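Asker: Sharing a model prediction with you, sequence too.
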Amino acid sequence: MILVRGSGGGTDLTGTVFERGEEPPAYKGAPNEDAPYVWVCDSFYEVESGGSPLVVDGEEIRVAFEEPMPRGFDTRDQAVAAAREHVRTQFARIGVDPDDVEVEVTAADPA
């Protein structure tokens, strides 16, 4: 399991790349379970009302979450590149400059 964590605007977002032999969560529209690497992470966007509160750059905004959309990849590099892009895109959707987002990729500790 590979964790991809983005930090920006005073908040964080972490997603997971599941590797061959690990079982990713099942969602409607999940990729072929034979994919060697599966990326799973929340997607969200800013809304005027409703949603959940989130503090970004010291200001509270409201965000709505979309159902996670797992994506399958043939190689680790493809999965991690897509994960980095996804994390930066989510921050851009709430007004954080994607170039200001720090992305960290780490192997999860198999407890």
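Answerer: Perfect, I can see it now. Residues are numbered from 1 along each chain as shown.
Asker: how long is stretch 40-59 end to end?
Answerer: Start-to-end span of stretch 40-59 (Cα to Cα, to the nearest Å) is 28 Å.
Asker: make that stretch 43-54, sorry
Answerer: End-to-end for stretch 43-54, by Cα to Cα: 14 Å.
Asker: which residues of this structure fall in helices?
Answerer: With DSSP state H as the criterion, the chain has helices at 76-93.
Asker: May I have the beta-bridge partners of the closest residue to residue 75 other than its chain neighbours?
Answerer: Of all residues not flanking residue 75 in the chain, residue 37 sits nearest, at 6.9 Å (Cβ to Cβ, 6 or more residues apart in numbering). For every residue, glycine as well, the C-beta is placed using N, CA and C. On the basis of DSSP bridges, residue 37 takes part in beta bridges with residue 19, residue 73.
Asker: Now do the contacts for residue 37.
Answerer: By Cβ atoms under 8 Å, 6 or more residues apart in numbering, the contact set of residue 37 is 17-20, 72-76, 78-79.
Asker: mind running it again at 10 Å?
Answerer: Residues near residue 37 by Cβ atoms under 10 Å, 6 or more residues apart in numbering: 2, 17-20, 22, 24, 31, 71-80, 82-83.
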